[in-house]
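**Q** okay, here's the prediction I keep looking at, along with the sequence it came from:
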Amino acid sequence: MAKRFFLIVLDSFGVGELPDAYKWHDEGSNTLGAIRNHPNFNCPELKNMGLFNIDGVGGGVSAPKASYAKMAEKSAGKDTTIGHWEIAGIISPDPLPTYPDGFPDELIKEFVEKTGRQVICNKPYSGTEVIKDYGRGHVQTGALIVYTSADSVFQIAAHEDIVPVEKLYEYCEIARKMLVGKHGVGRVIARPFNGEYPYTRTANRHDFSLLPPADTMLNILQHAGYDTISVGKINDIFAGSGISESYRTTSNTHGMQVTKELQEKDFSGLCFVNLVDFDMKYGHRNDVPGYAAAATEFDGFLTSFVKDMREDDVLLITADHGCDPATTSTDHSREYTPMLIYGNGIKNGVNLGTRASFSDISATVLEYFGVAQDKTQGESFLRLVQK
């Protein structure tokens, strides 16, 4: 029977501040801690798997169904790109560039010349607030709303009636080609919106990522002949590198539907899933009730998914960073992430403690498929949990 490994990233689902969180002004951040006591939070499957047995989380069960760990980020960052790269086997010792004062004049000038459109804003901004404050100006003039955040991102917002989505993607491609070297931001992001003021962001967001600097577990598995299937923004994060089949999604709900459909199909390899709403819709908007409800929805999906797993399937659930919705900040937070690993061939209730790097996940995935791990970083924990 073909081996299948389902790796699901709950985007931003942190479980408490890392020791160096102060370097990012994230002292006290705890994404799970912010939502677990809200009435909307009801996650019996995650609890039974061992989410609350993870060191420092508290409130665990006596006999967890899964094995579990707390994952420390070794890379210098707290953004989506670096977090996923580390999960896939690349540790980034240097942070990607950020622009707390906006992008340099020479970059903006070059972008204006190459797109033929003026630029407004050019500041760090909340994605929902920026279209409230600059949307009317954009609609009146056609100027592109360019903004950033605490993350390494160059974001372009435009009304779909003023700039068609495909044209916005073209502008993002232009920016992506420009933003290399010292200005090599992790992601250029298309942020389309529509409707009347105060406007609504649409589901046509698209990320244009920096190409990973080395092979990841995706490239290695693909070269070994395994399927590498992406769900959600995984394909965007890795710039398509090492991915054999990709499914874009519009929400957590859609992402879970696609993952469930893939569970019913025959393939041999890795299904790598990102559920972005935790971060995009709830973490960044400081929406504790929404974040808690999204966790509950995922828990319901998880119950069904676990029931239908095949004999040789392995499921691993983790996150890429935190985004505590209860702090005053709307940015990502430097946190530990959870790791739950489950399957018929996986032991129950093994506490792996605190792992030194997210990259231990990639080493574990590669060892599961019998593929050499020497081209990526990390230490496999498969021998500790495999029956």
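**A** Alright, I've got the coordinates. No experiment lies behind these values; they were computed from the predicted model shown.

**Q** which stretches of the stretch 51-200 of the chain form helices?
**A** 80-87, 105-115, 127-141, 165-178 (DSSP state H, counting those that start in this stretch).

**Q** want to throw those into a markdown table with mean pLDDT, mean neighbour count and distance to Asn30?
**A** (Glycine included, C-beta is placed from N, CA and C.) Output for the helices of the stretch 51-200 of the chain, formatted as a markdown table (pLDDT from 0 to 100; neighbours: other CB atoms under 10 Å; distance: least, CB to CB, whole Å):
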| stretch | mean pLDDT | mean neighbour count | distance to Asn30 |
| --- | --- | --- | --- |
| helix 80-87 | 96 | 28 | 17 |
| helix 105-115 | 98 | 14 | 36 |
| helix 127-141 | 96 | 17 | 23 |
| helix 165-178 | 98 | 17 | 34 |
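
**Q** of all those, which lies closest to Thr303?
**A** Thr303 sits nearest to helix 80-87 of all the helices of the stretch 51-200 of the chain, at 24.4 Å, using CB to CB.

**Q** helices and strands around that closest one, which ones?
**A** strand 4-10, helix 234-237 (3 or more CB pairs under 8 Å, 6 or more residues apart in numbering; DSSP states H and E).

**Q** show me what the longest one is packed against.
**A** Okay, so that is strand 4-10. Contacting strand 4-10 under the criterion 3+ CB pairs under 8 Å, 6+ apart are the following elements: helix 80-87, helix 252-263, strand 269-275, helix 288-307, strand 313-318, helix 360-368.

**Q** what does it rub up against?
**A** The contact list for strand 4-10, computed with CB atoms under 8 Å, 6 or more residues apart in numbering, reads 84, 87, 234, 259, 263, 267-275, 278, 295, 298, 305, 310, 312-320, 361, 365, 368-369.

**Q** save the helices and strands packed on strand 4-10 as JSON lines, and put in distance to Val163 too.
**A** What follows is the helices and strands packed on strand 4-10, written out as JSON lines (distance: least, CB to CB, whole Å):
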{"stretch": "helix 80-87", "distance to Val163": "24"}
{"stretch": "helix 252-263", "distance to Val163": "24"}
{"stretch": "strand 269-275", "distance to Val163": "26"}
{"stretch": "helix 288-307", "distance to Val163": "29"}
{"stretch": "strand 313-318", "distance to Val163": "36"}
{"stretch": "helix 360-368", "distance to Val163": "38"}
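
**Q** nearest to Asn53, out of those?
**A** Comparing the helices and strands packed on strand 4-10 by CB to CB, strand 313-318 comes nearest, at 13.6 Å.

**Q** adjacent strands (with direction) for that closest one?
**A** Looking at strand 313-318 with DSSP bridges, its partner strands are strand 4-10 (parallel), strand 337-342 (antiparallel).

**Q** ok, which of these comes nearest Gln222?
**A** Of all those, strand 4-10 comes closest under CB to CB, at 13.7 Å.

**Q** got the CA positions of the closest one in CSV?
**A** The C-alpha trace of strand 4-10 is given here as CSV (Å, rounded to 0.1, in the frame of the first residue of the first chain):
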residue,chain,number,x,y,z
ARG,A,4,0.9,9.0,2.5
PHE,A,5,1.9,11.8,4.8
PHE,A,6,-0.5,14.6,5.6
LEU,A,7,1.2,17.7,7.0
ILE,A,8,-1.3,20.4,8.1
VAL,A,9,-0.1,23.9,9.1
LEU,A,10,-2.5,25.8,11.2
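
**Q** I figured Phe238 hits Pro212, correct?
**A** Yes: between Phe238 and Pro212 there is a contact at 6.1 Å, judged by CB atoms under 8 Å.

**Q** okay, and the common contacts of the two?
**A** Ala88.

**Q** which one's more surrounded, the two?
**A** Phe238 (25 against 21; other CB atoms under 10 Å).

**Q** next up, the contacts around that one.
**A** His84, Ala88, Ser209, Pro212, Thr216, Leu218, Ser230.
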